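Student: Here is a sequence with its predicted model. Questions after.
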Amino acid sequence: MPAYDPNNIFAKILRGELPCHKVYEDDRAFAFLDIMPRAPGHTLVLPKSAARNILDVDADDLGHVHKVAQKIAKAAMSVFDADGITIQQFNESAGGQVVFHLHVHVIPRKEGVSMKPPASEKEKPEVLSAHALKLAAALKDA
């Protein structure tokens, strides 16, 4: 397996070198909205540790990321009036991974509404900002 690249786009976001629409942060995890969401509220949850994917992440960090993903999923159900949640996580190119920093997708879903294709349409910054503010507020109350 290739080594972790500390210059991947998510590492740059974690270091504050690139902007994002943050919804959650603690000492071990960071979550922000996907700029090309497959559905409104599509959130990415990352460990702060340098982990390429599930194959090299520390088990405790992996567990914490999933605890945060669950917390976000519960809040997103309410904030986005969702009927369900899709959780996705990809590993290595053959497994569909595009950015090589472990991340979990939390995607609120509506009954009968298909997800947009991956990386198909960039959302307007003002929409992402509004969604991030609502979700972050719900997470503070959780």
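Tutor: Great, that's in hand.

Student: burial of Glu111, as a residue count?
Tutor: The local packing of Glu111 (other C-beta atoms under 10 Å) involves 7 other residues. Heads up, the C-betas are built off the backbone N, CA and C, glycines and all.

Student: what's the answer for Lys134, then?
Tutor: 17.

Student: likewise the one 3 residues further on?
Tutor: Residues lying near Ala137 (other C-beta under 10 Å) number 13.

Student: Assign it to helix, strand or coil.
Tutor: Assigned by DSSP: H, G, I helix; E, B strand; the rest coil, the conformation of Ala137 is helix.

Student: Give me the next element, helix or strand, following the stretch of helix or strand Val23 belongs to.
Tutor: Using DSSP states H and E, Val23 falls within strand 22-25. Reading on from strand 22-25 to the C-terminus, the next helix or strand found by DSSP H and E is strand 29-33.

Student: what's in contact with that following strand?
Tutor: Strand 29-33 has contacts (C-beta atoms under 8 Å, 6 or more residues apart in numbering) with 13-14, 20-25, 41-48, 64-65, 68, 72, 106, 123, 128, 131-132, 135.
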